[in-house]
Each structure stands twice: as structure tokens, then as C-alpha cells.
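Visitor: Pasted the sequence and its predicted model underneath.
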Amino acid sequence: MATDTANAPRPMGGPWGLKITGVGAVLPEKVLTNKDLTAWMDTSDEWIRERTGIAERRIGGSTSGLSTEAAQIALANAGLDPGDIDQVILATTSPDHICPGTAPAVARELGILAGAFDLQAACSGWVYGLVMANGLLLQGMDRVLVIGAESLDRITDYHDRGTGILFGNGAGAAVVERDETGAGQLLSWDLGSNGNYVHILYADHGDVLQMDGREVFRQAVKVMQRSATASLDKAGMTADDIDLIVPHQANIRIVEAAWKKLGFSMDKTAMVLERTGNTSAASIPLALDDALRAGRVNPGDNLLFLGFGAGMTWASAIVRWAE
Ligand code: UT7
């Protein structure tokens, strides 16, 4: 059960940490392949694969529905009941409604009466949520559910050659708990934004996403490099100390270009982009789930989560994995 003292600040000092004890991910059933797009768009499977690394994306479902399913799996994997959760954070760019937030409906579906709010930091949202969760644990909470979920098909024009080839739906959720042993830790983090770049990726009320793809590409490489370096520096680490990098899945060429500058290797990188497309706030927990299920994460490993997105926003966090 959620503790009575959930809102009481914890004393600092002593072993204290964070562990991700359950992860869940879901994709809607309907597949939209590159070949499907060629039926109405002047493009080709080869071009999309080569320029983005994407083969297919999923459409359908709702942000609340996908969130609920992913969260149920995460809770089951953590061995927890809904009542154990002290807070729900839902990172999304495509909420069910403009108002209210989608998180309360997800909490209701899960049977959670704790606080629930949406976090809008575009594709960086889940990493922002992870850092917020760490702060809430420090404030006295025991368990925070951090979800990243999108139904981007609601704001994507699948006739547009720039955006229609990229975006898809999906959800990933993680149960983030206090680790009294201190073995698991959020070792460092870096959050940033530059509102001068609002115009390069946005959607107005009732409209679809508009994007200056080339400029997003340029800025993405820059801010990924900057944020990863900031988190590594704060943790006193170098690229060699990182066991697995879980980046935002936007375009394989963005990752490769940033990795060249950072000295990261693709072998140590979790990628699901080819079969998910860009799922914005869902992309990092989707890739984390895939890496976990592939047995690529071991106790003591250092994981670097690294996102960027509309805003522009960027976020990185280094987590020492507890279990
Ligand atoms: O979460 C963040 C979300 N956003 C992103 O990550 C977007 C980052 N940017 C990108 O991923 C890339 O800019 C795109 C994949 C969107 C576009 O790739 P690009 O290499 O920047 O293409 P471009 O717009 O510079 O166009 C190059 C050529 C043009 O032809 P010409 O003028 O060289 O003959 C375009 O007409 O590719 C053509 N083109 C396409 N061809 C086939 C543009 N889009 C397409 C397409 N299919 N879908």
C-alpha cells in the first residue's frame, strides 16, 4: 500500500537510491509499413529505410489505452498492486484531450487514486519524468509510475513526406522505486530547453505536426552531444563507463552522427526504431523494455537515457541499474 508518510521529506544522506523494478511496453496492432505509404505518397521503402532507419510504425489505439496496458505490464513485472503507486507521471505530446490531462484517466483505469499529471516535454518527456520521479522519491514517496505514451497518428498527416514517414503510436511504462540499499542510483542528469526553436517542430490546436526536418536533425545532433556530455561530466564518467545507451528513437542517422562525436558505439545502443518509427515520449521506455527482454541489462550496469524533442527540449540521465 502507498505509505501514510508519502508526502514527508526523507532525510538526506545514508544509502539512498532509485531502482526501476518493472517495465512494460505496448504497440497497437495495426502496422503501417513503408510500402503501405507508397500507395499514396511519392516515396519508397528504400528511401525511408536509408534516410531514417524505419521500416514500419504502428497506428491506432489511444494514449490512455496504450498507457494503461503498458502500466499494467510494468506493475505486474514489478510485482506490485495499483495501490502501491504514490504518483503517476504520464509524458505525452498527444493526450486524449486538451483538457483534462490523460494521466487521471489512466490512473482510474489502473485503480490508482494517487496524484496523476501529464508532462509535456515532447520526445524528452520520459527522461524528464524519470528525473521528476527521483525528486518525488526524495520528497518521501516510495514508488512512482513513469509512463511515456503517444497516439501520434492523431496529429500526423500520413500524406506528408516529411512527417508521415516518421511517426507512430506506442507506450512504455516504468515503476521507479526507492532503493534503500543505494545500489541503484540516478547518478546524474541534465535537462534543457531552447524555446528559440519552437517553430521547427510544432502542432497548433486542431492541426497536424509541422516540421523543418533538416533543422531538427541539425539541432538534435548538437543537443544530444551536449546533454550526454553534461551527464557524463556530472557523473565523472566517460563513454567507456556506459554499458547501454537508450536514446530517443527518431532517425538512425541522428544517432549515428551524434555517436561519432561522442565516441559511443552502436553495439551498446538500444534501438527499436526500425519497427516502431518515432513514438516521441514512448520511444525510450520502448527501447528500454526491448533491451531488458533481450537480457542486455545487468545489475551494476550504467545506463544512459538520452532524449531530444520539440521545444526544443533535451534530457539525459545516467542510472546505475539495481536489479
Ligand atoms: O523527435 C524529433 C522528430 N523529428 C526528427 O527527428 C526529424 C529529423 N529530420 C529527419 O529525420 C530528416 O530531415 C527527414 C527524414 C525528415 C528528411 O530527410 P532529409 O535527408 O533531411 O531530406 P530532405 O528534406 O533534405 O530532402 C532530400 C531529398 C529531396 O529531394 P531532392 O531535392 O534532393 O531531389 C526531397 O524531395 O529527398 C526528397 N525527399 C523524399 N524522397 C522520398 C524528402 N522526403 C522524401 C520522402 N521520400 N519521404
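Guide: Perfect, I can see it now. Numbers count the residues shown, from 1 in each chain.

Visitor: For the nearest residue to Tyr202 once chain neighbours are set aside, give its distance to Gln219.
Guide: Computed as Cβ to Cβ, 6 or more residues apart in numbering, the closest residue to Tyr202 that is not its neighbour in sequence is Gln210, at 5.9 Å. C-betas here are computed from N, CA, C, even on glycine. Counting by Cβ to Cβ, to the nearest Å, the gap from Gln210 to Gln219 is 15 Å.

Visitor: Run a quick neighbour tally on the residue of the stretch 151-300 of the chain found nearest the ligand.
Guide: Per Cβ to the nearest ligand atom, Gly213 is where the stretch 151-300 of the chain lies closest to the ligand, at 2.8 Å. Using other Cβ atoms under 10 Å, Gly213 has 17 other residues around it.

Visitor: same thing with Lys260?
Guide: Burial measure for Lys260: 11 neighbouring residues, criterion other Cβ under 10 Å.

Visitor: so it sits in a helix?
Guide: Yes: read with DSSP: H, G, I helix; E, B strand; the rest coil, Lys260 is one of the residues of a helix.

Visitor: ok, back up a step: of Gln210 and Gln219, who's got more company?
Guide: Legend: neighbour count by other Cβ under 10 Å for Gln210 and Gln219, higher for Gln219 (20 against 15).

Visitor: which strands and helices sit next to the top helix by length along the chain?
Guide: If you go by DSSP state H, the chain has its longest helix at helix 213-235. In this structure, helix 213-235 packs against strand 185-193, helix 252-262, strand 302-309, strand 313-320, with contacts taken as 3 or more Cβ pairs under 8 Å, 6 or more residues apart in numbering; DSSP states H and E.

Visitor: Pull the distance from the third one to the chain's centre.
Guide: The gap between the average C-alpha position of strand 302-309 and the chain average comes to 8 Å, counting by Cα atoms, centre = their mean, to the nearest Å.

Visitor: and if you look at the second one?
Guide: Using Cα atoms, centre = their mean, the mean C-alpha position of helix 252-262 is found 18 Å from that of the whole chain.

Visitor: next structured bit after that helix?
Guide: Moving toward the C-terminus from helix 252-262, the next helix or strand (DSSP states H and E) is helix 273-276.

Visitor: Any part of that next one near the ligand?
Guide: No: under the criterion of Cβ under 6 Å from any ligand atom, the ligand is not reached by helix 273-276; the shortest gap measures 10.3 Å.

Visitor: Please put the alpha-carbon coordinates of whatever helix or strand comes next after that helix into CSV.
Guide: Following helix 273-276 in sequence order, the next helix or strand is helix 283-293 (DSSP H and E). This file holds the C-alpha atoms of helix 283-293, laid out as CSV (Å, rounded to 0.1, in the frame of the first residue of the first chain):
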residue,chain,number,x,y,z
SER,A,283,10.4,5.7,-27.6
ILE,A,284,12.9,5.5,-24.7
PRO,A,285,10.9,3.2,-22.5
LEU,A,286,10.0,1.1,-25.6
ALA,A,287,13.7,0.7,-26.3
LEU,A,288,14.5,0.0,-22.6
ASP,A,289,11.8,-2.7,-22.5
ASP,A,290,13.3,-4.3,-25.6
ALA,A,291,16.8,-4.3,-24.1
LEU,A,292,15.6,-5.8,-20.8
ARG,A,293,13.8,-8.6,-22.6
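
Visitor: picking that back up, now render the helices and strands packed on helix 213-235 as a markdown table, adding mean pLDDT and distance to the ligand.
Guide: Putting the helices and strands packed on helix 213-235 into a markdown table (pLDDT from 0 to 100; distance: least, Cβ to the nearest ligand atom, whole Å) gives the following:
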| stretch | mean pLDDT | distance to the ligand |
| --- | --- | --- |
| strand 185-193 | 97 | 14 |
| helix 252-262 | 98 | 6 |
| strand 302-309 | 98 | 5 |
| strand 313-320 | 98 | 10 |
